[in-house]
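J.: Generate coordinates for the sequence data below:
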Amino acid sequence: MPPIDSLAEVSRRVAIAVGRTAIHKNISGTYAFGSFQHNNDEDRLKLLIEKMIWKPVYLPLIPS
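T.: Now for the predicted structure:
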């Protein structure tokens, strides 16, 4: 496993690699949860993945 502070970047890279492989093997499908499609274009695929990544925002901890 990668260090916890690099999990997001590793996950992004894996998603892009899987998407590229699907495009190259001609087995990729359409994105069902929005209107933006990658259209088998790797740059659009990267943008779609960036839009889908969950970026948590945490409230600051206030000591009691």
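J.: so how far is stretch 15-24 from its chain's centroid?
T.: Mean C-alpha position of stretch 15-24 versus that of the full chain (CA atoms, centre = their mean, to the nearest Å) differs by 11 Å.
J.: typo on my end, stretch 15-25
T.: Chain-centre distance of stretch 15-25: 12 Å, with CA atoms, centre = their mean.
J.: Report the backbone C-alpha coordinates of that stretch in PDB.
T.: In PDB, the C-alpha atoms belonging to stretch 15-25 read as follows (Å, rounded to 0.1, in the frame of the first residue of the first chain):
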ATOM      1  CA  ALA A  15      -8.200   5.500 -12.500                       C
ATOM      2  CA  ILE A  16      -6.500   7.100 -15.500                       C
ATOM      3  CA  ALA A  17      -4.500   4.000 -16.400                       C
ATOM      4  CA  VAL A  18      -7.700   1.800 -16.200                       C
ATOM      5  CA  GLY A  19      -9.600   4.300 -18.400                       C
ATOM      6  CA  ARG A  20      -6.800   4.500 -20.900                       C
ATOM      7  CA  THR A  21      -6.700   0.700 -21.100                       C
ATOM      8  CA  ALA A  22     -10.400   0.600 -21.700                       C
ATOM      9  CA  ILE A  23     -10.100   3.200 -24.400                       C
ATOM     10  CA  HIS A  24      -7.200   1.300 -26.100                       C
ATOM     11  CA  LYS A  25      -9.000  -2.000 -25.900                       C
END
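J.: in that stretch, what's buried?
T.: Neighbour counts over stretch 15-25 (16 or more other CB atoms under 10 Å) mark Ala15, Ile16, Gly19, Ile23 as buried. For the C-beta atoms, the positions are set from N, CA and C on the backbone; glycine is no exception.
J.: before we move on, what about stretch 40-57?
T.: Within stretch 40-57, the residues scored as buried using 16+ other CB under 10 Å are Leu45, Lys46, Leu48, Ile49.
J.: now what about that stretch, what contacts it?
T.: By CB atoms under 8 Å, 6 or more residues apart in numbering, the surrounding residues in contact with stretch 40-57 are 8, 11-12, 15-16, 19-20, 23, 28, 31, 34, 36-38.
J.: Among these, which pair sits farthest apart?
T.: Ala8 and Gln37 (24.1 Å; CB to CB).
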